[in-house]
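> Quick one, what's the 3D model for this:
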Amino acid sequence: MKNFTLSANTLSKTVKDNSADRIEVEIGDSKQLDFKPQFKIKRWDNEVNFSMRAIEEAGATMVEKDGKVKYKGKDIEVHQYEKPEAGEDGGYEFEWVLKKKPKSNVLRTTIQHKGLDFFYQPELTPEEIERGASRPENTVGSYAVYHKTKRDNRPDKHYKTGKAFHIYRPHAVDADGVEVWCELDITEGELTVTVPEKFLAKASYPVVVDPTFGYTSNGASSDDLAETNGSANTQQGLRVGVPALMSENGTLDSVSAYLSDNGSFIRTYYFYVNEKDSIGSGSHGQIFKGTDTTDTTTSLDTGQLVTVTAGSENLNSGTTYIVNIEANLDDSVSYRVVSINWDTGASENHRDFYSDIAGGSFQYSPWVDTGTFNRVYSIYATYNASGGGYNPAFAHRRLLL
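Okay, the predicted model is just below:
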């Protein structure tokens, strides 16, 4: 495979060679002398990792052909190969090829991992859809995988949103091109893919079943941040997550968010960092406001990271800060909407707040709490520690919108 290094019966590659955000992939098991149908991903210099191994078969052989590593058994093969379009930093395919109807419609792998949380992405509720949320088909029933504990204040590590990768919803396709979604389940020590029994009974073989991994920091779902109907600019207001406590002194470098829209039009994004309850209960003093205006020639319809540069504002150890964003849209055009990305997360009391003042004028007035949502929004801050070193994402998962 391209740019992979072979050692004994293991292939390895550094997908992203950046000491602050290194991504490495291993095919096979470097601790074993013979080849194993295993895939391993390591992030942040192996600070976290994940591996999965298909069930082995006596007499199976390994071949490398057409950019794929193939573990060839009598009735089932396991194919592994890169899938660059699966995430902003690339991706990977781990697929079963069923030569005939299997005895069981549940395909099993053993898994091991270090330092990771796995968040299942269910179907959206009617209430979420009414609020403007959307979730692609390949994300329903998938897993967003995040760093478990270290999302802030680590020198020389680009954690961004804390997301390590995404395991998308698998699907199966038969020899005639008939496709069906499958069920993905992750429990301690095991990842399984359940293929609908009716599909397998009627399928033309071979059948390919394909869990896909995307190396991404971006949330896989989106929610409306602001919209306009051509006559009035309807602001959704600020969205704010549970604040985070600074554990060291530093200076603010920038604030970033993953955003998307439905066309080319003028919109202005306002990024804020506020000091929690510094003026009074619910009134959070503003230490930074940054603006990004995008003109009508640009569209973010596929999603893009938007970053505003800060002015080295001081961040103090022992102080709680909140990162915020709002958008203002040109109301002279037909229906337009700007969305922010997110994943369903843990029960950590992520909340939405609406500002009383929209359009970039938000300052200190009390915020209206609109409810609790178990979400990890794709916004984060980057700061420089006073003691040296580059520390991104002091706005870790507990601070995300």
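
> pLDDT of stretch 34-50, averaged?
Stretch 34-50 comes out with an average pLDDT of 94.

> CA atoms only: put the strand ranked longest in the chain into CSV for me.
Secondary structure of the chain per DSSP state E: the longest strand is strand 267-280. Taking Å, rounded to 0.1, in the frame of the first residue of the first chain, the C-alpha atoms of strand 267-280 are listed here in CSV:
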residue,chain,number,x,y,z
ARG,A,267,-22.8,36.5,6.8
THR,A,268,-20.9,37.7,9.8
TYR,A,269,-19.7,35.5,12.6
TYR,A,270,-19.0,36.8,16.1
PHE,A,271,-16.8,34.8,18.4
TYR,A,272,-16.6,35.7,22.1
VAL,A,273,-14.7,34.5,25.2
ASN,A,274,-16.4,35.5,28.4
GLU,A,275,-15.4,35.2,32.0
LYS,A,276,-18.1,33.3,33.9
ASP,A,277,-20.3,35.3,36.4
SER,A,278,-17.6,38.1,36.6
ILE,A,279,-20.2,40.9,36.7
GLY,A,280,-23.0,39.0,38.4
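
> Following element in sequence after it, please.
strand 283-294 (DSSP states H and E).

> Pull up the pairing partners for that next one, direction included.
Paired strands of strand 283-294, with direction, are strand 267-280 (antiparallel) (DSSP bridges).

> Name the residues of the partner strand that are buried.
Across strand 267-280, burial judged by 16 or more other CB atoms under 10 Å covers 267-276. For every residue, glycine as well, the C-beta is placed using N, CA and C.

> Residues in a beta bridge with the closest residue to T344 other than its chain neighbours, which ones?
Excluding its sequence neighbours, the residue lying closest to T344 (CB to CB, 6 or more residues apart in numbering) is Q121, at 5.2 Å. Judged by DSSP bridges, the bridge partners of Q121 are S142.

> Going forward, count from 477.
Let's use 477 as the start, then, which means that last one is Q597.

> Tell me how many other residues crowd Q597.
Q597: 25 surrounding residues under other CB atoms under 10 Å.

> ditto for the one 4 residues further on
In terms of burial, T601 registers 10 neighbours under the definition other CB under 10 Å.

> want to try CSV for the buried residues of strand 743-756, with distance to V813 as columns?
CSV is the format used below for the buried residues of strand 743-756 (distance: CB to CB, whole Å):
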residue, distance to V813
R743, 10
T744, 15
Y745, 14
Y746, 17
F747, 19
Y748, 21
V749, 25
N750, 25
E751, 31
K752, 30
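
> of all these, which comes closest to E558?
Y745 (33.5 Å; CB to CB).

> For that closest one, give its distance to G695.
Separation of Y745 from G695 (CB to CB, to the nearest Å): 17 Å.

> tell me which element L735 is part of?
Using DSSP H and E, L735 sits in strand 726-737.

> Relative to the whole chain's centre, how far out is that strand?
Here strand 726-737 is found 16 Å from its chain centre; the criterion is CA atoms, centre = their mean, to the nearest Å.

> Alpha carbons of it, in CSV - could you do that?
Extracted as CSV, the C-alpha positions of strand 726-737 are listed here (Å, rounded to 0.1, in the frame of the first residue of the first chain):
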residue,chain,number,x,y,z
GLY,A,726,-1.9,31.8,29.3
THR,A,727,-2.8,34.2,26.5
LEU,A,728,-5.6,33.7,23.9
ASP,A,729,-4.4,32.9,20.4
SER,A,730,-7.7,32.2,18.4
VAL,A,731,-11.2,30.8,18.4
SER,A,732,-12.4,28.3,15.8
ALA,A,733,-15.7,26.6,14.8
TYR,A,734,-16.8,24.1,12.2
LEU,A,735,-19.6,25.8,10.2
SER,A,736,-21.7,25.2,7.1
ASP,A,737,-24.5,27.0,5.2
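
> quick check, E603 in a strand?
No. Per DSSP: H, G, I helix; E, B strand; the rest coil, E603 lies outside any strand segment and is helix.

> Can you check the pLDDT for it?
As predicted, E603 sits at a pLDDT of 86.

> What separation do you get for it and A620?
Taking CB to CB, one finds E603 at 20 Å from A620.

> A536 now?
32 Å.

> So which of these two has more stuff around it?
A direct count of neighbours by other CB under 10 Å for A536 and A620 places A620 higher, at 28 against 17.

> Can you say which helix or strand has the more buried one in it?
Going by DSSP H and E, A620 is part of strand 618-623.

> So what's the gap between that strand and the chain middle?
7 Å.

> Output it as CSV, restricted to C-alpha atoms.
Coordinates of the C-alpha atoms in strand 618-623 are reproduced here as CSV (Å, rounded to 0.1, in the frame of the first residue of the first chain):
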residue,chain,number,x,y,z
SER,A,618,-22.7,5.6,14.2
TYR,A,619,-20.2,6.4,16.9
ALA,A,620,-18.3,9.6,17.6
VAL,A,621,-15.0,8.8,19.4
TYR,A,622,-13.5,11.4,21.7
HIS,A,623,-10.5,11.7,24.0
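
> what's next to it, contact-wise?
Applying CB atoms under 8 Å, 6 or more residues apart in numbering, the set of residues contacting strand 618-623 from outside is 519-520, 523-524, 526, 591-597, 635, 637-645, 660, 662, 695-696, 819-821, 852, 873.
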